[in-house]
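# Sequence and predicted structure are below.
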Amino acid sequence: MTTSLPTTAATEVSDPARGDSTAGPSTGARRAAAARRRARRRPHTPLHPRPSIPLTLVTGLVLVYTLLPLAWLVVNSTKDKNGLLDSFGLGFADDTHFWDNISRTLAYDDGVFLRWLLNTLLYVAAGAGGATVLAVLGGYALAKFDFPGRRAVFAVVLGAVAVPGTALAVPTFLMFSSMGLTNTPWAVIIPSLISPFGLYLMWVFAAEAVPTELLEAARIDGSGELRTFFTIALPLLMPGTVTVLLFSMVATWNNYFLPLIMIKDPDWYPLTLGLNAWNAQAQTAGGEAVFDLIITGSLLTIVPIVAVFLLLQRFWQSGLAAGSVKE
């Protein structure tokens with residue numbers, strides 16, 4: 001004798017062939033929604049790391065520590081001498097003298113600030129530019145050409161990187177003094193041409209960024225060494241070249257100790273020595289205190305460096321993307 005199951009029980013029986021759920025359609029909808037949420041959730045990878053609150057706080061503190069002096073410089077460049085003493089350092093004064101400070105800075109002492117600015121541009125263009133060219137050529141040659149004494153050169157470069165520049169200041173001064181080059185622009189330009197760190201950086205970068213097989217293929221096709229370098233190697237070396245150029249520019253622009261011992265004529269002062277000379281006026285008998293002009297001049301000094309960083313960033317990004325797309 002056969003019996004039939006109740007209707008309610010029959011609806012809860014699942015069919016394995018169809019993959020139905022015994023819990024009804026609502027559970028299946030919930031599972032589908034959960035699957036969609038898991039699909040939308042991006043997995044944590046090195047490119048998409050898990051957010052870290054302590055790391056974010058530390059990064060924020062470093063950002064504040066970095067931008068606070070710049071904010072102080074911008075705020076105080078809007079004040080006159082009385083406002084610098086009467087107002088809070090990070091607060092604006094009642095009156096704004098920003099444009100007046102700029103005009104007075106550029107016109108003070110017969111416009112000597114512009115002369116110092118041109119001197120600094122000369123030292124950077126000749127010194128940092130020449131150091132970058134020598135570092136690129138030397139790094140490429142050391143990375144892609146095998147010759148006797150290559151290991152010895154590597155040891156010398158590493159040793160030069162470890163020697164601080166201040167340790168070589170006195171021997172450099174004595175050598176340039178014996179040649180009669182002190183108190184001339186050459187005393188600042190020639191030492192700036194030597195950048196052991198830039199040479200080492202380009203050496204390491206060229207060894208990885210320029211495939212040897214690509215150079216050999218170009219030579220087989222009849223390309224000369226100069227043409228191979230300028231058409232194949234140099235575009236691949238652009239990120240490292242821009243990096244060395246930025247390091248050399250900042251080092252030459254902010255160079256203070258070398259011009260201090262080499263230059264005595266104020267007409268050949270860079271901006272670092274010039275602003276220090278203005279600051280020393282307040283400590284001399286009968287000297288004029290121009291602290292408002294010193295602060296404004298310091299702000300004008302960092303503007304070209306910021307502009308160069310923004311302009312070279314485009315070439316840096318394009319160099320990093322070179323070779324990523326197959327044409």
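Received, thanks.

# Okay, the spatially most central residue of the chain and Pro239: tell me how far apart.
Among the residues of the chain, the one closest to the centroid is Leu246, at 6.1 Å (CA atoms, centre = their mean). Look at Leu246 and Pro239: by CB to CB, to the nearest Å, they are 11 Å apart. Every residue, glycine included, has its C-beta placed from N, CA and C.

# Repeat that for Leu134.
For Leu134, the distance to Pro239 equals 18 Å [CB to CB].

# How about Pro171?
For Pro171, the distance to Pro239 - CB to CB - is 35 Å.

# the more surrounded of the two?
Pro239 (18 against 9; other CB atoms under 10 Å).

# Could you say which helix or strand holds the more buried one?
Using DSSP states H and E, Pro239 maps to helix 238-253.

# What of Ala169?
Judged by DSSP H and E, Ala169 forms part of helix 169-178.

# What are the buried residues along that helix?
In terms of neighbour count (16 or more other CB atoms under 10 Å), helix 169-178 has its buried residues at Ala169, Thr172, Phe173, Phe176.

# tell me what the next helix or strand after that helix is packed against?
Scanning forward in sequence from helix 169-178 by DSSP H and E, the next helix or strand is helix 186-192. On a contact count with 3 or more CB pairs under 8 Å, 6 or more residues apart in numbering; DSSP states H and E, helix 186-192 meets helix 98-123, helix 129-144, helix 169-178, helix 238-253, helix 257-262.

# So which other helices or strands are in contact with the fourth one?
Packing partners of helix 238-253 (3+ CB pairs under 8 Å, 6+ apart): helix 129-144, helix 186-192, helix 196-209, helix 291-320.

# Now render the ones you listed as CSV, adding distance to Val64, mean pLDDT and mean neighbour count.
Formatted as CSV, those follow (distance: least, CB to CB, whole Å; pLDDT from 0 to 100; neighbours: other CB atoms under 10 Å):
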stretch, distance to Val64, mean pLDDT, mean neighbour count
helix 129-144, 33, 93, 20
helix 186-192, 33, 93, 20
helix 196-209, 29, 90, 19
helix 291-320, 18, 82, 16
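
# Perfect, that will be all.
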